[in-house]
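[1] Need a 3D model of the sequence below.
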Amino acid sequence: MSAEAKMLHNEKPTRGRRLIGRGLLQAGPSDLRSMIRDAKVELIPMKSLERAITELAPHSSISMTCSPAKSIEATLDETAALVAAGHRVTPHLSARMVQTPEHLVAIRDRLVEIGIREVFVVGGDADPPGCFFDAIEFIEAFLALDDADGPEHRQVDHIGYTSYPDSHPLITSEQLHDALHVKQQMILDSDRTAHVSTQMCFSADQIRTWLRGERAAGLTVPVHLGVPGVIDKTKLMTMGVRLGVGTSLRYLSKNRKALGKMMTQRSFVPDQLLKPLAGQFTDLGIEGIHLYTFNQVAATEAWRTKTLA
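    Numbering: from 1, shown residues only. Sure thing, here's the model as predicted:
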């Protein structure tokens with residue numbers, strides 16, 4: 001088991017005091033309230049998930065990840081249970097975890113069984129990979145399979161995929177840029193809708209600069225801003241390093257004032273990233289929020305409740 005997996009297994013809920021910043025809703029567009037209300041809550045299929053599920057608000061919008069320590073089947077099992085409980089769930093499909101073409105067929109059959117119309121595709125970290133090296137190969141094969149009996153019989157109408165405003169430790173910026181636009185073209189050409197969610201980035205300036213550049217280069221699909229929920233700052237920094245959010249973490253480590261501002265009390269609070277960007281959501285095409293909770297749901301839901309009160 002990986003170090004971060006062990007950390008999540010033994011997780012205790014974060015207890016933050018200052019859960020909201022003043023004026024967040026006033027700082028953003030008129031639909032910011034609905035974005036926060038409908039934000040996707042990302043969950044991880046690990047031991048701490050059982051507790052996290054009990055802390056969810058009724059009828060939550062959930063993004064259920066794939067863990068390299070488990071399987072796509074584990075993700076789909078949790079997805080089915082959450083759908084049965086009345087939640088709206090988008091399962092992650094990790095390209096490198098698909099073992100064979102027959103496995104891909106079985107995955108789609110399960111999506112049909114559960115009634116899933118929206119999926120989120122990631123490349124994943126499985127090493128060695130199965131029959132797909134990356135998300136582009138997976139999307140190409142999945143689209144062909146899903147449309148094999150004609151568009152009227154397709155199961156999936158919407159595909160989300162990831163983006164990296166703050167770079168990736170193993171992939172060049174040029175490769176990330178190209179992949180972002182290739183995926184968009186593939187999905188839109190299939191007459192489906194799409195969105196991209198940003199990987200964690202702690203610098204509003206970095207997100208703003210990156211997104212303006214991608215918009216100028218032809219990115220047209222909606223962006224969901226990936227923001228940590230109310231998370232213990234030590235754990236957040238550790239997970240950030242492992243997820244490759246290096247540039248903004250290096251910036252924070254060199255700038256104590258910024259670090260102190262971002263990490264008030266013991267926890268990161270979403271307002272600290274949302275507020276500097278909220279006034280530009282419309283111009284940047286940010287139409288949703290993706291909350292990285294690391295299964296620390298209670299504190300994040302308390303923040304959301306107080307923000308919307």
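
[2] Now do the buried residues in the helix or strand harbouring residue 213.
    When elements are assigned from DSSP states H and E, residue 213 belongs to helix 204-216. For helix 204-216, the neighbour count (16 or more other Cβ atoms under 10 Å) marks 204, 206-208, 210-211, 214 as buried. No exception for glycine: its C-beta is placed from N, CA and C like everyone else's.

[3] pLDDT of that helix, averaged?
    On average, the pLDDT along helix 204-216 is 95.

[4] Figure out how far the helix or strand immediately after it in the chain is from the centre of its chain.
    Using DSSP H and E, the helix or strand that follows helix 204-216 in sequence is strand 223-228. Remark: strand 223-228 is offset 7 Å from the chain centroid, using Cα atoms, centre = their mean, to the nearest Å.

[5] how big is the angle separating strand 223-228 from helix 204-216?
    Relative orientation of strand 223-228 versus helix 204-216 (axes from the mean of the first three to the mean of the last three Cα atoms, to 10 degrees): 160 degrees.

[6] what's strand 223-228 in contact with?
    Outside strand 223-228, the residues within contact range by Cβ atoms under 8 Å, 6 or more residues apart in numbering are 40, 160, 163, 195-201, 207, 211, 236, 268, 270, 273-274, 277, 281, 284-294.

[7] helices and strands around the helix holding residue 213, which ones?
    helix 246-254, helix 271-278, helix 281-284 (3 or more Cβ pairs under 8 Å, 6 or more residues apart in numbering; DSSP states H and E).

[8] outside of it, which residues touch it?
    By Cβ under 8 Å, 6+ apart, the surrounding residues in contact with helix 204-216 are 163, 165-166, 177, 180, 198, 201, 219, 223, 225, 247-248, 251, 273, 276-277, 280, 284-286.

[9] Let's see it as CSV, backbone CA atoms only.
    Coordinates of each C-alpha in helix 204-216 appear next as CSV, following Å, rounded to 0.1, in the frame of the first residue of the first chain:
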residue,chain,number,x,y,z
ALA,A,204,-4.7,31.8,-8.7
ASP,A,205,-2.3,33.7,-11.0
GLN,A,206,-1.0,30.4,-12.5
ILE,A,207,-4.6,29.2,-13.1
ARG,A,208,-5.6,32.4,-14.7
THR,A,209,-2.5,32.6,-17.0
TRP,A,210,-2.8,29.0,-18.0
LEU,A,211,-6.5,29.1,-18.8
ARG,A,212,-6.2,32.3,-20.8
GLY,A,213,-3.5,30.7,-22.9
GLU,A,214,-5.5,27.6,-23.5
ARG,A,215,-8.6,29.6,-24.4
ALA,A,216,-6.6,31.6,-26.9
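
[10] picking that back up, which of the contacts of helix 204-216 are buried?
    Judged by 16+ other Cβ under 10 Å, buried ones among those: 163, 165-166, 177, 180, 198, 201, 219, 223, 225, 248, 251, 273, 277, 280, 284-286.

[11] ranges for the helices of the stretch 51-200 of the chain?
    72-84, 101-114, 135-146, 173-189 (DSSP state H, counting those that start in this stretch).

[12] got these as a markdown table, with mean pLDDT columns?
    Listed next are those as a markdown table, based on pLDDT from 0 to 100:
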| stretch | mean pLDDT |
| --- | --- |
| helix 72-84 | 97 |
| helix 101-114 | 98 |
| helix 135-146 | 98 |
| helix 173-189 | 97 |
